[in-house]
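1. fold the following.
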Amino acid sequence: MAPEDSNPEIEGKDFWHLPSEELAARIGSIAHQDSRLGDAVTCAEASRLATEWQEALSQPTATFEEQEDRVGQLDSLQRRTIEILIRTGRSA
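-> Next up, the predicted model:
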């Protein structure tokens, strides 16, 4: 049995407390890393997420509907970003 520390769910637990801007920066660093050092598919996915983070963080939130849309988008980005951070072995 593997030690408890190697469980991805436990390792990713601290990611849930990171602010959106920090998650965006971390996924951006994966997106901009040399593709020879990492999985090209993961880098491409990280690049798409980094773009989506930039768009989501710059969205207006003047109306309640805009705020709801942004929250939903940020929640989805957070989940997808944390999955990549765990997959790539990034620590919180």
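2. so who does the residue most central in space within the chain touch?
-> Per Cα atoms, centre = their mean, the C-alpha nearest to the average position across the chain is that of residue 81, at 2.1 Å. Each residue near residue 81 by Cβ atoms under 8 Å, 6 or more residues apart in numbering is listed here: 15, 23, 24, 26, 27, 49, 53. Any C-beta I mention is one placed from the backbone N, CA and C, and that applies to glycine too.
3. quick check: mean pLDDT of the strand or helix carrying it?
-> According to DSSP states H and E, residue 81 maps onto helix 64-87. Here helix 64-87 scores 92 as its mean pLDDT.
4. quick revisit: the contacts of residue 81 in helices, which ones?
-> Among the contacts of residue 81, the members found in helices (DSSP state H) are 23, 24, 26, 27, 49, 53.
5. the fifth one: neighbouring residues, count only.
-> Applying the criterion other Cβ atoms under 10 Å, we find 23 residues in the vicinity of residue 49.
6. contacts only, for it.
-> By Cβ under 8 Å, 6+ apart, the neighbours of residue 49 are 27, 31, 77, 80, 81, 84.
7. quick one: it from residue 65, how far?
-> Distance, residue 49 to residue 65, using Cβ to Cβ, to the nearest Å: 24 Å.
8. kindly report the same for the third one.
-> From residue 26 over to residue 65 the distance is 29 Å, taken as Cβ to Cβ.
9. which one of these two has more residues nearby?
-> Each of residue 26 and residue 65 has its neighbours counted (other Cβ under 10 Å); residue 26 has more, 22 against 9.
10. pretty sure the more buried one sits against residue 86.
-> No. If you go by Cβ atoms under 8 Å, residue 26 and residue 86 don't touch, sitting 11.4 Å apart.
11. please tell me I have it right and residue 47 contacts residue 31.
-> Yes. The criterion here is Cβ under 8 Å, and residue 47 meets it with residue 31 at 4.0 Å.
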